[in-house]
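Participant: For reference, the sequence and a predicted model appear below.
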Amino acid sequence: MTENQPRVFPPDFLWGAATSSYQIEGAAREDGRTPSIWDTFSHTPGKVLGGDNGDVAADHYHRFREDIELMSGLGLGGYRFSVSWSRVQPTGRGPAVQRGLDFYRELVDGLLERGIVPSLTLFHWDLPQELEDAGGWPARETAERFADYAALVGEALGDRVGMWSTHNEPFCAAFLGYGSGVHAPGRTEPESVLKAAHHLNLSHGLATQALRSVLPKNTQIGITFNPVVSRPYSESPADKDAARRIDALQTRIFTDPVLHGAYPADLKQDTARVSDWSFLRDGDEATIHQPLDWLGLNYYTPSVVSAAADGDPTEGADGHGSSEHSPWVGSADLVRFHLAPGERTEMGWVIDPTGLSELLLRFHREAPGLPLYITENGGAFEDKADESGLVHDPDRIAYLHGHLGAVHDAMAQGADVRGYFLWSLLDNFEWAYGYSKRFGMVHVDFETLQRTPKASARWYSEVIAAGQLPD
Ligand code: FCB
């Protein structure tokens with residue numbers, strides 16, 4: 001690309017925004033919804049910053065019509081949301097609750113009326129508590145229950161939702177939920193991490209089969225991963241090996257069986273001392289390896305890793321490739337995370353759009369012909385409102401500008417990227433950080449629940465209308 005050429009996106013590029021059920025819905029005890037693991041976790045003292053929980057969140061359950069108007073006003077082409085399993089099948093078993101399904105049907109109909117493409121994710125971490133009590137993701141049965149749940153939602157909404165995803169970031173569900181314990185259900189059991197990862201993979205395969213049997217033929221089914229962009233600290237063989245190890249544990253443990261039908265041999269070797277992998281049964285890898293119509297990628301920041309010398313402390317900030325992901329199932333004492341230089345978001349994540357191009361080009365090569373979507377990308381910043389309540393967020397605008405530029409770069413090099421979902425539409429419950437981190441392009445006053453688009457929302461809306469990036 002030559003300098004000063006406008007960076008234009010294809011006319012059918014899907015410009016969207018993303019949210020997830022527990023982070024925005026609230027209405028935690030209404031209409032038959034039962035607790036999910038996130039309700040239990042957030043109500044356990046000391047687990048979430050400030051003792052915050054998702055009981056009310058952004059109250060989207062009651063305000064979804066207003067939120068659809070907001071999206072429509074911004075000119076969004078797509079909206080990625082997730083379904084709360086506890087709302088539609090409260091015990092994780094048996095028949096659906098009609099009111100729960102009706103809520104999502106009304107949401108989807110409202111989107112369709114305004115020409116916004118609904119993109120539905122079945123699981124964004126809020127497992128019904130009853131299924132956790134029966135063993136959670138480390139129990140194989142949970143994968144079967146997930147397939148039943150997928151069929152229920154598929155039957156109810158298949159006539160109006162064309163873009164489906166089984167999971168969001170199974171890495172976090174397995175490693176943060178059952179390994180480091182910083183996410184629900186807060187367990188810290190090295191072998192359970194591998195079992196959870198495998199059963200999440202298996203549940204993806206079973207749910208994809210179940211969806212194919214109930215959805216119209218042209219429905220697009222995919223999954224969203226947050227692959228690590230794992231960069232060695234130096235060119236030394238030991239540091240390169242550390243980067244390989246983390247890539248196996250965070251990325252290939254999911255992408256290899258899903259895209260290629262087999263777990264990586266190096267992963268099994270690396271984890272041999274915590275598990276013999278006897279949970280992997282004949283035929284599982286074939287079940288996981290279902291034909292897909294699209295692949296979703298979430299990207300926030302790269303990870304820099306080196307081999308650890310004995311006793312070296314890790315200095316990673318948190319989340320998305322750092323110490324908080326430990327125990328690394330046999331790698332905690334072998335790998336050290338480093339703070340990459342450069343500007344950071346409020347999460348402490350270094351801002352590096354080149355990682356996004358790298359990620360897109362990697363999967364473009366690895367899964368040729370599979371359409372790619374950025375299903376999440378965005379930043380938390382310290383938003384300041386002026387006297388009139390308007391948030392001017394130049395940092396977020398710069399973040400988005402840089403990362404959309406990276407998407408454009410990857411497309412110019414051949415990556416088949418079909419859309420971009422900004423994280424997030426609204427300020428929301430940021431998991432273990434509660435309401436202290438704001439990712440929204442729309443400000444939410446958590447006292448009054450009033451929504452006010454930030455300057456970044458206007459900026460994004462102008463990009464969408466123009467179909468190109470400003471200089
Ligand atoms: C991702 C999650 C999403 C949000 C962003 C910041 O890992 O999928 O729910 O918390 O990070």
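Facilitator: Noted; the coordinates are in hand.
Participant: Contacts only, for the closest residue to residue 23 other than its chain neighbours.
Facilitator: Among residues not flanking residue 23 along the chain, residue 428 sits closest, at 4.0 Å (Cβ to Cβ, 6 or more residues apart in numbering). Using the backbone N, CA and C atoms, a C-beta is placed for each residue, glycine as well. Contacts for residue 428 (Cβ atoms under 8 Å, 6 or more residues apart in numbering) come out as 19-20, 23-24, 57-58, 435, 439-440, 444.
Participant: Format those as a markdown table; extra columns: distance to the ligand and pLDDT.
Facilitator: Converted to a markdown table, the contacts of residue 428 look like this (distance: Cβ to the nearest ligand atom, whole Å; pLDDT from 0 to 100):
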| residue | distance to the ligand | pLDDT |
| --- | --- | --- |
| 19 | 8 | 99 |
| 20 | 5 | 99 |
| 23 | 6 | 99 |
| 24 | 10 | 99 |
| 57 | 12 | 98 |
| 58 | 13 | 98 |
| 435 | 12 | 98 |
| 439 | 6 | 98 |
| 440 | 11 | 98 |
| 444 | 15 | 97 |
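Participant: a markdown table for the residues you listed, including distance to residue 171?
Facilitator: As requested, these are exported to a markdown table (distance: Cβ to Cβ, whole Å):
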| residue | distance to residue 171 |
| --- | --- |
| 19 | 20 |
| 20 | 15 |
| 23 | 18 |
| 24 | 22 |
| 57 | 23 |
| 58 | 25 |
| 435 | 24 |
| 439 | 19 |
| 440 | 24 |
| 444 | 27 |
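Participant: Closest to residue 339 out of those?
Facilitator: Nearest to residue 339 out of those is residue 439 (Cβ to Cβ; 21.0 Å).
Participant: Hmm, that closest one is touching residue 425, no?
Facilitator: No - in this structure, residue 439 is not within contact of residue 425 by Cβ atoms under 8 Å, at 9.3 Å.
Participant: Who has more neighbours out of these two?
Facilitator: With neighbours defined as other Cβ atoms under 10 Å, residue 439 and residue 425 compare such that residue 425 has more, 30 against 26.
Participant: Once you drop chain neighbours, what's closest to that one?
Facilitator: Per Cβ to Cβ, 6+ apart, closest to residue 425 is residue 17, 3.9 Å.
Participant: Would you agree the one you found falls within a helix?
Facilitator: No - in this structure, residue 17 is strand, not part of a helix, as judged by DSSP: H, G, I helix; E, B strand; the rest coil.
Participant: ok, residue 283 - how many residues close by?
Facilitator: Neighbour tally, residue 283, other Cβ under 10 Å: 8.
Participant: Would you check how far apart it and the ligand are?
Facilitator: To the ligand, residue 283 is 30 Å away according to Cβ to the nearest ligand atom, to the nearest Å.
Participant: what's that residue sitting at in phi/psi?
Facilitator: phi 90, psi -20 (degrees, to the nearest 10).
Participant: that older thread, pretty sure the residue nearest to residue 23 sits in a helix.
Facilitator: No - using three-state DSSP, the assignment for residue 428 is coil, not a helix.
Participant: Name the surrounding residues that touch the one helix or strand residue 222 maps to.
Facilitator: Of the helices and strands defined by DSSP states H and E, residue 222 is found in strand 220-225. For strand 220-225, contacts defined as Cβ under 8 Å, 6+ apart pick out 121, 162-171, 204, 208, 211-212, 215, 251, 254-255, 258, 290, 292-298, 373, 375-376.
Participant: what do you get if the cut-off is 7 Å, keeping everything else the same?
Facilitator: Here strand 220-225 makes contact (Cβ atoms under 7 Å, 6 or more residues apart in numbering) with 121, 162-169, 204, 208, 211, 254-255, 258, 292-298, 375.
Participant: Likewise for stretch 372-383?
Facilitator: 18, 80, 224, 294-300, 345-347, 356, 360, 363-364, 391, 393, 395-396, 399, 403, 407, 415-424, 430, 437-439, 443, 454.
Participant: Distance from the chain centre to it, please.
Facilitator: Mean-position distance between stretch 372-383 and its chain equals 10 Å (Cα atoms, centre = their mean, to the nearest Å).
Participant: Repeat that for stretch 241-255.
Facilitator: Using Cα atoms, centre = their mean, the offset of stretch 241-255 from its chain centre is 18 Å.
Participant: Quick check: mean pLDDT of it?
Facilitator: Stretch 241-255 shows a mean pLDDT of 95.
Participant: sorry, back to before: check the model's average confidence along the strand holding residue 222 for me.
Facilitator: Per-residue scores along strand 220-225 average to 98.
Participant: Tell me the strands beside it, with direction?
Facilitator: strand 163-168 (parallel), strand 294-298 (parallel) (DSSP bridges).
Participant: Go through these and pick out the most buried.
Facilitator: Comparing these by mean neighbour count (mean count of other Cβ atoms under 10 Å), strand 163-168 comes out on top with a mean of 26.
Participant: how about the CA coordinates for that one, as PDB?
Facilitator: Below are the C-alpha coordinates for strand 163-168, written out as PDB (Å, rounded to 0.1, in the frame of the first residue of the first chain):
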ATOM      1  CA  MET A 163     -24.600 -16.600  12.500                       C
ATOM      2  CA  TRP A 164     -24.000 -18.900  15.400                       C
ATOM      3  CA  SER A 165     -21.000 -19.500  17.600                       C
ATOM      4  CA  THR A 166     -20.600 -22.300  20.100                       C
ATOM      5  CA  HIS A 167     -18.000 -20.800  22.500                       C
ATOM      6  CA  ASN A 168     -16.300 -17.600  23.400                       C
END
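Participant: For it, give the mean pLDDT please.
Facilitator: On average, strand 163-168 scores 99.
Participant: right, and the helix or strand after it?
Facilitator: Counting by DSSP H and E, what follows strand 163-168 is helix 170-171.
Participant: Brilliant, that's me finished.
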